[in-house]
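> Let's see this in three dimensions:
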Amino acid sequence: MNKISILVPVYNEKNSLLEILKQIENVDFGLEKEIILIDDFSTDGTRELYSELPYKILYHDKNMGKGAALRTGLSAATGDVIIIQDADLEYNPIDYLPLVKLIVNGSADVVYGSRLADKRNSGKFLFLSYLANITLSLITRILYGTYLTDMETCYKAFRADIIKDITIESNRFDFEPEITAKVLKRGVRFMEAPISYNARTNEEGKKIGWRDGVQAIRALIKYRF
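Coordinates of the predicted model:
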């Protein structure tokens, strides 16, 4: 494997985008790096930042959601390994390294970064977010017979041939359970690795809500049966 594609869905992240891109650039994978930004119709001035950036930038002409943005990004990705990076600062790109290593050395086909497996994150979750995540992860384990601690994590790394062979239907945050369900049903070699986490509040721009949790449960059941 020679190349990694990092997909960054962006929606109204003018205050954090340049910093997260700097952090991504500072990580040495030992692989050629392809950064792809997918702007999901930002209206806060984020788009004004793109003219100075040397990356592949894709645009939506209306707001469609994270799942739709990732679908757009996957169609343009050319790497052997593909990883997802949110444009906020909740996750640290240095945590990519163990995920990518497990794929590059042939130990796994898909690796999720688990926030709940890292003791450094104790007390960092918003209570309702934490409760929703452990509930969704438990439902996933019951339905799919696979041990998994953090289904809703942003950091998901894939062998490119696997993720590109899956059709993503969801447009919003129900992408998370959909892709998890479809990956697990294929019987791929799945692993988790601990990652750090720095949760932000709704006031700071967090976009996922309780309705997304309900949709996630529906998606897990739908794609199982």
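
> Name the residues linked to V111 by a beta bridge.
Beta-bridge pairing for V111 (DSSP bridges): A157, M191.

> Please report how far the residue most central in space within the chain lies from T43.
With distances taken as CA atoms, centre = their mean, C154 lies nearest the centre of the chain, 3.2 Å away. According to CB to CB, to the nearest Å, C154 stands 22 Å off from T43. C-beta here means a position set from N, CA and C on the backbone, and glycine is covered the same way.

> So the residue nearest to the centre of the chain: helix, strand or coil?
For C154, the secondary structure call by DSSP: H, G, I helix; E, B strand; the rest coil comes out as coil.

> Just the pLDDT for the closest residue to it other than its chain neighbours.
Leaving aside its chain neighbours, C154 sits nearest to D86 (4.8 Å; criterion: CB to CB, 6 or more residues apart in numbering). D86 is assigned a predicted lDDT (pLDDT) of 96.

> check contacts around D86.
Residues counted as contacts of D86 (CB atoms under 8 Å, 6 or more residues apart in numbering) are 8-9, 20, 154.

> Make TSV out of these and add secondary structure and distance to L37.
Shown next, in TSV, are the contacts of D86 (DSSP: H, G, I helix; E, B strand; the rest coil; distance: CB to CB, whole Å):
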residue	secondary structure	distance to L37
V8	strand	5
P9	strand	8
I20	helix	10
C154	coil	15
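
> C-alpha coordinates for the helix or strand of the chain with the lowest mean pLDDT, CSV please?
The helix or strand of the chain with the poorest confidence is helix 210-224; it has a mean of 85 (mean pLDDT, DSSP states H and E). Included here for helix 210-224 are C-alpha records, laid out as CSV according to Å, rounded to 0.1, in the frame of the first residue of the first chain:
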residue,chain,number,x,y,z
TRP,A,210,-31.2,13.0,19.4
ARG,A,211,-33.1,12.5,16.1
ASP,A,212,-29.9,11.2,14.6
GLY,A,213,-29.8,8.6,17.4
VAL,A,214,-33.3,7.4,16.5
GLN,A,215,-32.3,7.2,12.8
ALA,A,216,-29.2,5.2,13.7
ILE,A,217,-31.3,2.5,15.5
ARG,A,218,-33.6,2.3,12.5
ALA,A,219,-30.6,1.9,10.2
LEU,A,220,-29.0,-0.8,12.3
ILE,A,221,-32.2,-2.9,12.2
LYS,A,222,-32.9,-2.1,8.5
TYR,A,223,-29.5,-3.2,7.3
ARG,A,224,-29.4,-6.3,9.5
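
> what residues does it touch?
With contacts defined as CB under 8 Å, 6+ apart, helix 210-224 is touched by 128, 132, 135-136, 139-140, 143-144, 151-152, 170, 172-174, 176-178, 180-182, 185.
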